[in-house]
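Undergrad: got a sequence here, can you build the structure:
(chains A and B)
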Amino acid sequence: MMQYRNIRRALPLLAILCLTLLPVGSGRADPPEGYTFLRYDEGLRIAKRDGKQVFAYFGRYGCGFCDKTNKESFSNAELRKRYTEHYVLVYVDAESGRRLQLPSGETITEMELGAMMKTLVTPYFLYLDPDGKVLYKAPGFQTAQAFMDYDRYIHGGHYKNQTLAQFLGK
Amino acid sequence: MRRLLLCGLGLLAASPVIAAPWSFGEKIMVAQTNKARTFHHIDSSGRKNIAVSGDTVGVIWEDNRSGVPQVYVVFKSVQSSAFEPEWRVSDAPPHAHALAAYEPVMVALGGGRFLIGWEQDSSVWVRSGGPKGLDPAVKLSSVEAGQITLAAGTRGIYAGWAQQLGRYRQIVTAAIIIRGPDRAVSAGAARPVDPVPPVDEQLYPSLAVTTKGVTVVWEDRRHGHTVLLTSFAAPGKTFGATTELNEVVQKSATYGRGSGVTRAALAVFGTDQVGAAWMDKRGYSTGYDIYGAISRDGGRHFGKNESVQDSFGDNFSQWHPAISGAAGGALAVAWDDDRDGSSDIQLAWKTADGWAENLAVPPASGAGEQTHPAIAMDSRGNLHLIWLDYREKGQPTRIFYAMGKRNEGK
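TA: The predicted model follows:
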């Protein structure tokens, strides 16, 4: 009986602990699990320092197609390996008021970055060079295969002399 | 195609029989710079960056000319063709020049005076002022806070903001009192707009004050996606239960929680009517649209959602809605979109049948990028507009102003 009472007393604490340990925004179309996404400005600084390309994910809280992309595409183990190795990953909450400092020195919110980049929909994926120049834009839901194709096109440097359609032989 | 159509419509409008619905004067420079890496911003919770008090127009913005974002204000008389020298607003806290200031708002107090609010050093501040100078500043928040908005009416002056409460931000409001010959500003207790403590983020409030009470709208993430909630407080009462303002569109039974909505703004018009406008992603592939709703009972309840933009804008994303109304019954919404090939300021106004076909505001459209409008209607129903202008990305920004007069019968 005593033990039962102790368990009952501990339940609220356990519930709080469980909630705390859950990934923040789980199931709400935040960045996909198993990836390390950075703030946009932090990611650009690291990319410039390390000479790496950037993969930018513009998402939205509660966004259905972001959720679908996370579950159906970013769950692919090979995709995770390639993108983690090849890119600095950055995530932008396209309705957020969180402030970022751009390489130009301008300070704007994440939402204003989305407006500046004219990200019509979410998800919206951008591939950037280490200086932040946009190399390719992929709006909306993308399959794992599409992400693999974009990776070969961008990371392989084919964007320099071919369109994506030419590269894919379409 | 759109330009051709507009050209044709322009020829029609040139005839003496069919007049344009609005006549806009020449644009007037508000702020500019040739200094590299300097950027102006017209951003605030509720987009209240311009106000008209008596015969005085006030404009407030943020720029980083000093190396650190700071807030500036300028004034002019309605008839004047130029603004007077600016005042730096964000100079109150110690070492203010080194403390970034953001998202300023202003509201008319009457008689050429204004109340100004801004965020600085993770707090929200207010001060009153006018063309002759600014009165001492007062810090409203005792905890980390931002996204301040202001509203004034016959029932008083109110500030609202988002402040940290544990893990999340909570929207609170406070009555603002201005007393004595030195116009000392003080604030009543900050009260939450939702009786229930936040279980997720509450963001970007906008306020309206009518003779019936105070209405607030904000972005709320409690349902796993953003919804716009409103709450109402009758004079002397606390805020009541929350009501959803936007109609939620569930696009998938499996994925996500709902369509996106963001950056709502409120304005009082006519007799105790309140207009709301916001960005709404209920469409499937063209980004945000501008939606609105009207309250006919002083802000206690809002009617059905209405599309503010016309069908020419349907295939483009709309950004930065601002709303303003006049006691005579006029209500207007301005925003920016790319429907004519580059970003222009578009205007819609309430008609007996709904919302007027959108007008690309002549001095705020055409070559280059015209974005981030803010509007204020004066007691005569004239529209005062500011916007951010840049020739192309990376070029120095400028802020322009223009005034529009409604042509009778249009």
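
Undergrad: what residues does chain A put near chain B?
TA: Chain A comes close to chain B at residues A:27-29, A:60-68, A:71, A:95, A:97, A:99, A:104-109, A:111-112, A:115-116, A:118-122, A:140, as judged by Cβ under 8 Å from any Cβ of the partner chain. The C-beta positions use only the backbone N, C-alpha and C, and glycine is treated the same way.

Undergrad: what about burial for these, which qualify?
TA: Among these, those buried by neighbour count (16 or more other Cβ atoms under 10 Å in any protein chain shown) are A:28-29, A:60-68, A:95, A:97, A:99, A:106-109, A:111-112, A:115, A:119-122.

Undergrad: show me where the stretch 251-400 of chain B has strands.
TA: All strands of the stretch 251-400 of chain B, identified by DSSP state E, counting those that start in this stretch, fall at B:261-269, B:273-280, B:289-295, B:306-307, B:318-325, B:331-337, B:344-351, B:354-355, B:359-360, B:369-377, B:383-390, B:398-406.

Undergrad: for chain A, that is, sorry about that
TA: With DSSP state E as the criterion, chain A has strands at A:53-59, A:87-93, A:99-101, A:107-109, A:124-128, A:134-139.

Undergrad: and residue 152, how many neighbours?
TA: By default, I'm working from chain A. Here the number of neighbours of A:R152 (other Cβ atoms under 10 Å in any protein chain shown) works out to 13.

Undergrad: meant chain B actually
TA: Using other Cβ under 10 Å, B:A152 has 20 other residues around it.

Undergrad: please apply the same query to B:E408.
TA: Neighbours of B:E408 (other Cβ under 10 Å): 7.

Undergrad: what's the answer for A:E72, then?
TA: By other Cβ under 10 Å, 14 other residues sit near A:E72.

Undergrad: surely it meets A:A144?
TA: Yes. Between A:E72 and A:A144 there is a contact under Cβ atoms under 8 Å: 7.3 Å.

Undergrad: can you list the strands of the stretch 251-400 of chain B in a markdown table and add mean pLDDT?
TA: As requested, those are exported to a markdown table (pLDDT from 0 to 100):
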| stretch | mean pLDDT |
| --- | --- |
| strand B:261-269 | 97 |
| strand B:273-280 | 98 |
| strand B:289-295 | 97 |
| strand B:306-307 | 96 |
| strand B:318-325 | 98 |
| strand B:331-337 | 98 |
| strand B:344-351 | 97 |
| strand B:354-355 | 96 |
| strand B:359-360 | 97 |
| strand B:369-377 | 97 |
| strand B:383-390 | 96 |
| strand B:398-406 | 97 |
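
Undergrad: dump those to CSV, plus mean neighbour count and distance to chain A.
TA: Listed next are the strands of the stretch 251-400 of chain B as CSV, based on neighbours: other Cβ atoms under 10 Å in any protein chain shown; distance: least, Cβ to the nearest Cβ, whole Å:
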stretch, mean neighbour count, distance to chain A
strand B:261-269, 27, 5
strand B:273-280, 26, 9
strand B:289-295, 24, 11
strand B:306-307, 17, 17
strand B:318-325, 28, 5
strand B:331-337, 28, 9
strand B:344-351, 24, 14
strand B:354-355, 16, 22
strand B:359-360, 20, 18
strand B:369-377, 26, 8
strand B:383-390, 25, 11
strand B:398-406, 20, 15
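
Undergrad: nearest to B:L109, out of the ones you listed?
TA: strand B:369-377 (13.2 Å; Cβ to Cβ).

Undergrad: now do that closest one and strand B:318-325, the angle between them.
TA: 20 degrees (axes from the mean of the first three to the mean of the last three Cα atoms, to 10 degrees).

Undergrad: what's strand B:369-377 packed up against?
TA: strand B:50-53, strand B:318-325, strand B:331-337, strand B:344-351, strand B:383-390 (3 or more Cβ pairs under 8 Å, 6 or more residues apart in numbering or on different chains; DSSP states H and E).

Undergrad: so who does B:I157 touch?
TA: Neighbouring residues of B:I157 by Cβ atoms under 8 Å, 6 or more residues apart in numbering or on different chains: B:V107, B:L109, B:L115, B:L150, B:A151, B:A175, B:I176, B:I177, B:I178, B:V209.

Undergrad: could you measure it against chain A, distance?
TA: 24 Å (Cβ to the nearest Cβ, to the nearest Å).

Undergrad: assumed that residue was part of a strand.
TA: Yes. Using DSSP: H, G, I helix; E, B strand; the rest coil, the assignment for B:I157 is a strand.

Undergrad: just the pLDDT at it, thanks.
TA: Here the pLDDT value assigned to B:I157 is 97.
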